[in-house]
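Chemist: sharing a model prediction with you, sequence too.
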Amino acid sequence: LGTINTGVVPFSWSETEGSSDQAGSDNFEEQVRWCRKLGLRICGGPLLNFDRNELPDWLYLWEDDTESLQSYMVSYVESIVSRYAGKVSLWHVWAGINNGMAMNFSEEQRLRIGVAALEALRKFDPSTPAFVSFNQPFGEYLSRRAMDLAPIHYADTLIRADLGISGFGLELNMG
């Protein structure tokens with residue numbers, strides 16, 4: 001523990017909600033309590049991960065209704081942030097927005113959902129630093145499918161929008 005100062009609590013939505021009728025569980029409460037007991041700072045998230053395996057299965061029932069999907073996603077972010085604001089030292093708001101294949105979102109839809117999630121976070125926790133991360137940040141996926149935005153363009157757009165992002169993460173998932 002002398003060399004560790006931060007614990008990561010993932011707040012994985014897919015692990016906490018198995019069906020639309022099921023409320024989020026208290027799986028993360030114990031992790032947060034443990035980190036606080038040891039005096040560790042907490043990095044919470046990613047709150048949303050645009051990987052197909054990281055969203056609850058029931059969400060796919062709404063795959064053709066982007067407005068409802070965005071509403072559910074923002075509600076999840078609000079529920080976590082309102083519960084853990086003041087306990088988390090750094091928020092990892094979302095991951096894989098640049099090339100995540102969840103829900104067959106268009107690039108614009110993913111960006112809108114990401115911005116809405118950031119705004120929801122800021123509503124409940126206006127001062128805690130927040131960052132977002134990009135999967136395959138060098139854009140190698142662009143050689144396999146046509147897309148309008150490279151990771152650098154997402155980052156540039158988000159910086160210019162002045163949404164209160166403190167930093168960017170680069171996900172180097174080898175293999």
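Modeler: Good, I have the coordinates.
Chemist: just give the nearest non-adjacent residue to the spatially most central residue of the chain, would you?
Modeler: For the chain, the residue nearest the mean C-alpha position is Trp94 (2.2 Å; C-alpha atoms, centre = their mean). Spatial nearest neighbour of Trp94, chain neighbours left out: Leu48 (4.2 Å); criterion: C-beta to C-beta, 6 or more residues apart in numbering. Yep, even glycine has a C-beta here, placed from its N, CA and C like the rest.
Chemist: assess the claim that that neighbour and Glu78 are in contact.
Modeler: No - counting by C-beta atoms under 8 Å, Leu48 sits too far from Glu78 to count as a contact (11.8 Å).
Chemist: the two - which one has more neighbours?
Modeler: Higher neighbour count among Leu48 and Glu78: Leu48, with 29 against 16, using other C-beta atoms under 10 Å.
Chemist: helices of the protein, start to end?
Modeler: 13-16, 29-37, 66-84, 107-124, 151-160 (DSSP state H).
Chemist: listing request: residues of this structure with sub-threshold pLDDT.
Modeler: Filtered on pLDDT under 70, the chain yields the residue ranges 17-26, 100-102, 175.
Chemist: can you do 90?
Modeler: Within the chain, the segments meeting pLDDT under 90 span 1-4, 12-29, 45, 49-70, 73, 96-114, 134-164, 171-175.
Chemist: relative to Arg33, how far out is Ile42?
Modeler: Going from Ile42 to Arg33 by C-beta to C-beta, to the nearest Å gives 10 Å.
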